[in-house]
Each structure stands twice: as structure tokens, then as C-alpha cells.
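Novice: Have a look; sequence and predicted model below, questions after that.
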Amino acid sequence: MEYKTNSKYPISHIIGFFLSLLLTFAAVFVALEAQLSFTIVMWIIGSLAVLQAGLQLFMFMHVTEGEDGKTNIINMAYSAFVAIVIVAGSVWVLTSGHAAH
């Protein structure tokens, strides 16, 4: 049984780790030190969380590697689309008064 070795393995993990730490510390700084409104702070932290999740998918979970790399990305994009439609549709129905009869 032969194992394939990836020459980028250690350096990509180290870079991903430090970028994740940087995004985490940026979120902590925004939450504790930035003099912004609560809504803006939440949007910034949420955006940094999405960036960090994407970074971890590509750096640690190797989403694009292997035979199904492109298929994995398409499946994740479709899943995100379905989740957004369900959440946005639920919020729209519950806040627009259609359910209040």
C-alpha cells in the first residue's frame, strides 16, 4: 500500500492555523475594542466567521483535492443556497403577517 505525500502539507497547515488565529483575534478585537454599534459588530464577526469556515474547508479539509474536488464545491454551494432560501423564506413568512389569521 503506497501513500501519497503532499509536499505542501506542513506549510499549508501552518499558514491556515495562523490565518485562523488572525481572524479569531480580529473578531475579538472588534467585539471588545471597536466603538461600533452592536449591529455592525455582529455583521463583522459573522463575516469573519464565514471567512474562517471557508479557510478551514480549503486548508485543513482539502475540499478541492481528490477526484471529486469540483463536485464537493458544487454540493456545498447548493447546500448553502438551500439553507439561505429556507431561512429567508421562513423569516419572510413569519414577519409579513401571512401566518396571522
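Specialist: Received the coordinates, thanks. Numbering: from 1, shown residues only.
Novice: rest of the way, CA atoms for contacts and neighbours
Specialist: Noted.
Novice: Distance of residue 37 relative to residue 47?
Specialist: 16 Å (C-alpha to C-alpha, to the nearest Å).
Novice: Between those two, tell me which one has more neighbours.
Specialist: Ranked by neighbour count (other C-alpha atoms under 10 Å), residue 37 and residue 47 place residue 47 first, with 13 against 8.
Novice: so where does the more buried one fall, helix or strand?
Specialist: Following DSSP states H and E, one finds residue 47 within helix 38-59.
Novice: contacts for that helix?
Specialist: Here helix 38-59 makes contact (C-alpha atoms under 8 Å, 6 or more residues apart in numbering) with 12, 13, 16, 20, 23, 24, 27, 30, 31, 63, 64.
Novice: between the residues you listed, which has the most around it?
Specialist: residue 27 leads those on contacts (other C-alpha under 10 Å) with 21 neighbours.
Novice: can you tell me the helix or strand for that one?
Specialist: Using DSSP H and E, residue 27 falls in helix 9-32.
Novice: Equivalent analysis for residue 65, please.
Specialist: Using DSSP H and E, residue 65 falls within no helix or strand.
Novice: same deal with residue 75?
Specialist: Going by DSSP H and E, residue 75 is in helix 69-95.
Novice: Outline the domain layout of this protein.
Specialist: By the assignment in automatic domain parsing, the chain contains the domains 7-62, 66-101.
Novice: Could you look over those and pick the most buried one?
Specialist: With neighbours taken as mean count of other C-alpha atoms under 10 Å, these reach their highest mean count in domain 7-62, at a mean of 14.
Novice: Check the offset of that domain from the chain's centre.
Specialist: 9 Å (C-alpha atoms, centre = their mean, to the nearest Å).
Novice: average pLDDT for it?
Specialist: Averaging pLDDT along domain 7-62 yields 89.
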